[in-house]
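1. Here you go, sequence then predicted model.
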Amino acid sequence: GGAPPVGAAREPSAEVRERWRRADAVCFDVDSTVCVDEGIDELAAFLGRGAEVAEWTDKAMAGGVGFREALEARLGIIQPTASGMDAFLSARPPRLSPGVGRLVAALRARGTEVYLVSGGFRQMIHPVADLLGLPRGNVFANTVLFDEAGRYAGFDREEFTSRAGGKAEALRHLQAERGHAELVMVGDGATDLEARQEGGASAFVAYGGNVTREAVALAADWFVLDFQELIQALH
């Protein structure tokens, strides 16, 4: 959180406000947006690999390193096992950002579809979808693979978000497959901003309630510090 960067769009244009109200789908990033923390960093810390992995997360978020390279490197450091993942999920249930449950409920009450589009792992994102009452079919995320013995065996390279530009790809897929015409992306990171720039979303809302990345906030169509702002703007 903290003070918004000077020049960030704290008041959206009439056009952006209208796009928000008109959206037939809203796609949320999960780490540091729907949830208060970065899931991969939490998993790493739980499994005793915190510092090494946080370094890579920062690099990835700043856009200074290839997305897949950062994903591969972090998983290689963590080497999560199936039992380690289960232990983590039991010990650390998801922590939702304030007001996000109300926002998702308000969107769905007016017939707007809600999706979770994350570079994190389905094993950790599915419980978030469950908490929010969203079908797991509305989750786009990465899948960690395990062998028969439950050892780490890489990740599913077919998932949209396992590669650079994957969020925009997922949003274009939603337009094509599910007929959504007006999508809005809500998130805090460089990959969320990309989803707007590459023909995926028609507007990008940067959420700074957990962390503010200046370059992302400044390039956003709208910068909010509280989800209540988005709930109020629906009316």
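-> Now that the structure is in, tell me what you want to look at.
2. Tell me who's in contact with A25.
-> Applying CB atoms under 8 Å, 6 or more residues apart in numbering, we find A25 in contact with T112, E113, V114, Y115, L174, R178, H180, E182, L183, V184. C-beta coordinates here come from the backbone N, C-alpha and C atoms, glycine included.
3. what are the bridge partners for it, then?
-> On the basis of DSSP bridges, A25 is bridged to E113, L183.
4. List the residues that contact the residue lying farthest from the centre of the chain.
-> What lies farthest from the middle of the chain is A149; by CA atoms, centre = their mean that is 30.3 Å. The neighbourhood of A149, defined by CB under 8 Å, 6+ apart, contains no residues.
5. can you tell me how far the spatially most central residue of the chain sits from G48?
-> Geometric centre of the chain, nearest residue: D29, 1.8 Å, by CA atoms, centre = their mean. Separation of D29 from G48 (CB to CB, to the nearest Å): 27 Å.
6. Show the contacting residues for A91.
-> Applying CB under 8 Å, 6+ apart to A91 gives the contacts F46.
7. For it, grab phi and psi.
-> Main-chain dihedrals, A91, degrees, to the nearest 10: phi -80, psi -30.
8. G84 versus that one, what's the distance?
-> Distance from A91 to G84, by CB to CB: 11 Å.
9. so what's in contact with those two at the same time?
-> Here A91 and G84 have F46 as joint contacts, going by CB under 8 Å, 6+ apart.
10. And the helices in the protein, which stretches?
-> 14-22, 39-46, 50-62, 67-78, 82-91, 100-109, 122-132, 166-178, 190-197, 214-219, 227-232 (DSSP state H).
11. any chance of those in TSV, plus distance to T33?
-> Converted to TSV, the helices of the chain look like this (distance: least, CB to CB, whole Å):
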stretch	distance to T33
helix 14-22	16
helix 39-46	11
helix 50-62	12
helix 67-78	17
helix 82-91	20
helix 100-109	8
helix 122-132	11
helix 166-178	12
helix 190-197	8
helix 214-219	11
helix 227-232	10
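12. Mind telling me which of the ones you listed the model trusts least?
-> Per-stretch mean pLDDT for those is lowest at helix 50-62 (a mean of 83).
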